[in-house]
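[1] Could you look at this predicted model? Sequence included:
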Amino acid sequence: MRFAPSPTGRTHLGSGRTALYNYLLARQTGGQFILRIEDTDQKRYVPGAEEELMEGLRWLGLSWDEGPDVGGTFGPYRQTERRDLYKKYARQLIENGNAYYCFCSQTDEAQNPTDKQKRQHRDICPNRELPLAKADTRIASGESHIIRFKMPREGNITVTDAIRGDITVENSTLDDYVLVKSDGLPVYHLAVVIDDHLMQITHAFRTSEWLPTFPLHGHLYNAFGWEQPIWVHPSIFLKPDGKGKMSKRDTEDMLNEGKSIFLGDFEKMGYLPEAVVNWAALIGWSYDDKTEFFTLEDLVKKFSIEKLNPSPAAINFSKLDHFNGLHIRALGVDDLAKRIRPFFEQAGYQVHYEHTLQQVAEVLQIRLGTLAEAPEKGGFFFKDEIHPDAEMLIGKKQTAAESLAMARRIEALIQSLPDFSEDTANQPLRDLATELELKAGHVFGFLRNALTAQKVSPPVFETMIIIGREKVLERIRYAVDALEKLASISPG
RNA sequence: GCCCCCAUCGUCUAGCGGCCCAGGACGUGGCCCUCUCAAGGCCAAAACGGGGGUUCGAUUCCCCCUGGGGGCACCA
């Protein structure tokens, strides 16, 4: 198995999924997972892309057995470092009569833009039947040249995709594809065939956008007399609305909406690698008619090529959120604590006590869609003081004075409790509400606002225990002061 | 324009001739639980694109149409 990306930009979720499938099958069968960098396009090469790619794969938990950084028996694993190999094999094709040197310039072809759609290069090239000796002479004289595949004019070819079956194409619809560029580097088609053969690749995964040139690869294998790997073309991803595949513009719009399909962005958005793996695996693949929650280990056991779906699939971000929630809840509390810590710290909160963080993690666990929500939902736990608006402290259908009276009673009650726990405080607080002819919601609502300055929060008792009685009383006193000021302005 | 691929709820999908008046999940709506918010539980609405065949019987097999997607570079 190999994953062979090109370092020409940021790594997409689609690449992540292809890498995942490679990884799963390799681990399942005890095979090797090879990372090969296809960097033959020097013009589009993006520095740093290779690093981001590897970081993304590592983050997902996909480790490779051979690759540019770890080496291996079939190296080198960067195609620009393999250029001499390709030359040798290209020459072999020429000598076999399966390819030829072409001296047509790019401008020659560009001169006939209208013809280009109708006429194939094979019909207009004067070099196709040029004797090899003559071509060699021209090359020796320094003439710029490329190498093209000599596509048969007649007949057809059948190639086999593992999820679609046989695909037969008339050779007449195929052209003399360029195999080696004038810079001496091979084009993808040639390099992938040679490398996959030399690296003894058994399964070649690539998305279905490669289907159109699939027949050429079959021809190349035949020309070399090599046995083909099992080809697997998973479907491409469509935009969330299902209308077409993701364009550069679409990914930018997505970023503006706080969404992204770049592997490098998921972590800071608060997604778990476990969730991204689970989510991505299920876009175009399924296990059965009900199971959807999978860990990476589950997937290693259960992945199968047979269950891959050939249809294009729209990306569904709400499903990612769902899986993220499931995986957050599946985490151990200490693990979750570890993972939310950086988000609190980035938001400017000081996490002084590991014990408090653990308690916060426990109470937030069922309330988090993403880890990034932790500060907004639980930041108040780490603040020294809470300053809610006085207006917020007034209960429904209450005056400031009434709320103040209630607040003073609550303060006194909590102060007087022999123990401070839900068991000891719950009933007395409810009784207080009854006595004041209020609803329990008034009492809890006041406490929630006074303690968190938020209209929604974890349950009041759990919150109070974590904050601690001393700080609870401090925060209530602040609230009482605020209400006093308000009540003195607008009495009644 | 040419070539290729695909076709079940809005979305991701199960279904490989009768188990299907089509199952699961996300999302949506409702109810329960409840100190808010969640989580959880229950319920609901929601699909086999159309037409021909084959067959005792088609969502499932074949053909056509339609629709969707991809590709037509000295990019991958």
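    Done, it's in.
[2] quick one: low-confidence parts of chain A?
    Low-confidence regions of chain A, defined by pLDDT under 70, span residues A:107-118, A:490-492.
[3] mind redoing it with 80?
    Where chain A drops to pLDDT under 80, the residues are A:106-119, A:487, A:489-492.
[4] What ranges does it have for its strands?
    In chain order, chain A shows strands spanning A:2-3, A:34-35, A:99-102, A:146-149, A:156-161, A:165-170, A:178-180, A:203-205, A:230-232, A:237-238, A:313-314, with DSSP state E as the criterion.
[5] Which residues are in contact with A:Gln32?
    Neighbour list for A:Gln32: A:1, A:26, A:65-66, A:72 [criterion: Cβ atoms under 8 Å, 6 or more residues apart in numbering]. In this view, the C-beta of every residue, glycine as well, is placed from N, C-alpha and C.
[6] at 10 Å instead, please
    Taking Cβ atoms under 10 Å, 6 or more residues apart in numbering as the contact definition, A:Gln32 lies against A:1-2, A:26, A:64-66, A:72-74, A:199-202.
[7] now, which of those lie within helices?
    Among the contacts of A:Gln32, DSSP state H puts A:Ala26 in helices.
[8] Among the contacts of A:Gln32, which one sits closest to A:Leu404?
    Distance ranking of the contacts of A:Gln32 against A:Leu404, using Cβ to Cβ, places A:Trp64 first at 65.6 Å.
[9] That closest one and A:Ala26 touch, don't they?
    Yes: counting by Cβ atoms under 10 Å, A:Trp64 touches A:Ala26, with 8.6 Å between them.
[10] Buried only: go through the contacts of A:Gln32 for me.
    Burial of the contacts of A:Gln32 was assessed by neighbour count (16 or more other Cβ atoms under 10 Å); the buried members are A:1-2, A:26, A:64, A:66, A:72, A:74, A:199, A:201.
[11] Let me have the residues you listed in TSV, extended by distance to A:His217.
    Written out in TSV, the entries for those read as follows (distance: Cβ to Cβ, whole Å):
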residue	distance to A:His217
A:Met1	17
A:Arg2	14
A:Ala26	22
A:Trp64	23
A:Glu66	22
A:Gly72	23
A:Phe74	19
A:Met199	15
A:Ile201	12
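[12] thinking again about what came up before, now render the strands of chain A as CSV, adding distance to A:Met246.
    As requested, the strands of chain A are arranged in CSV below (distance: least, Cβ to Cβ, whole Å):
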stretch, distance to A:Met246
strand A:2-3, 19
strand A:34-35, 23
strand A:99-102, 35
strand A:146-149, 31
strand A:156-161, 23
strand A:165-170, 25
strand A:178-180, 27
strand A:203-205, 19
strand A:230-232, 21
strand A:237-238, 6
strand A:313-314, 10
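[13] The ones you listed: which one's closest to A:His12?
    Proximity to A:His12, assessed across those by Cβ to Cβ, is greatest for strand A:237-238 (8.1 Å).
[14] from the buried ones among the contacts of A:Gln32, which two are the most distant?
    Most distant of the buried ones among the contacts of A:Gln32, by Cβ to Cβ, are A:Ala26 and A:Phe74, 14.2 Å apart.
[15] In space, what's closest to A:Gln359 - neighbours in sequence excluded?
    Nearest-residue entry for A:Gln359: A:Ile466, 4.6 Å, with adjacent residues in sequence omitted and distances by Cβ to Cβ, 6 or more residues apart in numbering.
[16] My guess is that neighbour contacts A:Glu422. True?
    No: the criterion here is Cβ under 10 Å, and A:Ile466 misses it with A:Glu422 at 11.8 Å.
[17] So which of these two has more stuff around it?
    For A:Ile466 versus A:Glu422, the count of surrounding residues by other Cβ atoms under 10 Å is larger for A:Ile466: 20 against 13.
[18] so what's the more buried one up against?
    Applying Cβ under 10 Å, 6+ apart, we find A:Ile466 in contact with A:355-356, A:358-360, A:362-363, A:378, A:381, A:451, A:458, A:472.
[19] Enumerate the residues of the stretch 251-400 of chain A near RNA strand B.
    A:282-284, A:286, A:288-290, A:292, A:307, A:309-314, A:316, A:318-319, A:321-322, A:325-326, A:329, A:366-367 (Cβ under 7 Å from any atom of the strand).
[20] Turn the buried ones among these into a named PyMOL selection, would you?
    Applied in PyMOL, the following selects the buried portion of these according to 16+ other Cβ under 10 Å:
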select buried, chain A and resi 282+283+284+313+322+325+367
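[21] Narrow the contacts of A:Ile466 to those that are buried.
    Among these, the ones that count as buried (16+ other Cβ under 10 Å) are A:356, A:358-360, A:362-363, A:378, A:381, A:451, A:458, A:472.
[22] And the residue nearest to A:Gln359, how far from A:Gly332?
    Using Cβ to Cβ, to the nearest Å, one gets 19 Å for the distance from A:Ile466 to A:Gly332.
[23] so A:Ala204 touches A:Asn22, yeah?
    Yes: A:Ala204 sits in contact with A:Asn22 when judged by Cβ under 10 Å, with a separation of 9.2 Å.
[24] Which one of these two is surrounded by more residues?
    The residue with the greater number of neighbours, taking A:Ala204 and A:Asn22 and applying other Cβ under 10 Å, is A:Asn22; the counts read 25 against 21.
[25] quick one, helices of the stretch 1-150 of chain A?
    Ranges of helices in the stretch 1-150 of chain A, per DSSP state H, counting those that start in this stretch, are A:13-29, A:49-60, A:83-95, A:106-110, A:113-118, A:121-124, A:132-140.
[26] Reformat those helices as TSV; add distance to A:Arg430.
    Compiled in TSV, the helices of the stretch 1-150 of chain A are given as follows (distance: least, Cβ to Cβ, whole Å):
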stretch	distance to A:Arg430
helix A:13-29	50
helix A:49-60	48
helix A:83-95	79
helix A:106-110	83
helix A:113-118	80
helix A:121-124	85
helix A:132-140	94
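[27] among these, which is nearest A:Val187?
    Go through the helices of the stretch 1-150 of chain A one by one with Cβ to Cβ and the one that ends up closest to A:Val187 is helix A:83-95, at 9.6 Å.
[28] Give the buried residues for stretch A:241-258.
    If you call a residue buried by 16+ other Cβ under 10 Å, then stretch A:241-258 has these buried ones: A:246, A:250-251, A:254.
[29] and if you look at stretch A:449-464?
    Taking 16+ other Cβ under 10 Å as the criterion, stretch A:449-464 shows A:449-454, A:457-458, A:460-461, A:463-464 as buried.
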